[in-house]
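**Q** Just need the structure, nothing else, for what follows:
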Amino acid sequence: LDYAIWGYLEAKACENPHESIKSLKKAIKKAWDEMPDDMVKRVVDSWPGRLQACIDAGGYIE
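**A** Sure thing, here's the model as predicted:
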């Protein structure tokens with residue numbers, strides 16, 4: 001997944017501490033289900049430009 005998606009999921013799922021892996025998994029699934037569709041669209045739409053930037057940089061990105 002794109003860094004933006006992971007960042008969103010982490011921020012939402014970790015708003016509160018978790019006492020178990022089960023609780024963390026539940027929070028991640030909830031954040032995934034509640035992720036705005038327009039955010040996913042923006043992330044997907046940004047890929048062609050980001051891939052071109054990688055090509056332009058000779059395949060090297062940091």
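**Q** any weak-confidence spans in this protein?
**A** 1, 60-62 (pLDDT under 70).
**Q** Please report how far the residue lying farthest from the centre of it lies from Gly7.
**A** For the chain, the residue at maximal distance from the C-alpha centroid (CA atoms, centre = their mean) is Gly58, at 25.3 Å. Gly58 sits 27 Å away from Gly7, going by CB to CB, to the nearest Å. In short, each C-beta sits where N, CA and C put it, glycine included.
**Q** cool, and Ile28?
**A** Ile28 is 13 Å from Gly7, by CB to CB.
**Q** do the same with Lys29
**A** From Lys29 to Gly7 the distance is 17 Å (CB to CB).
**Q** now do Ala27
**A** For Ala27, the distance to Gly7 - CB to CB - is 15 Å.
**Q** the more surrounded of these two?
**A** Neighbours were counted for Ala27 and for Gly7 using other CB atoms under 10 Å; Ala27 has more, 17 against 11.
**Q** I figured the more buried one hits Ala11, correct?
**A** No: when contacts are counted by CB atoms under 8 Å, Ala27 is not listed as touching Ala11 (11.0 Å).
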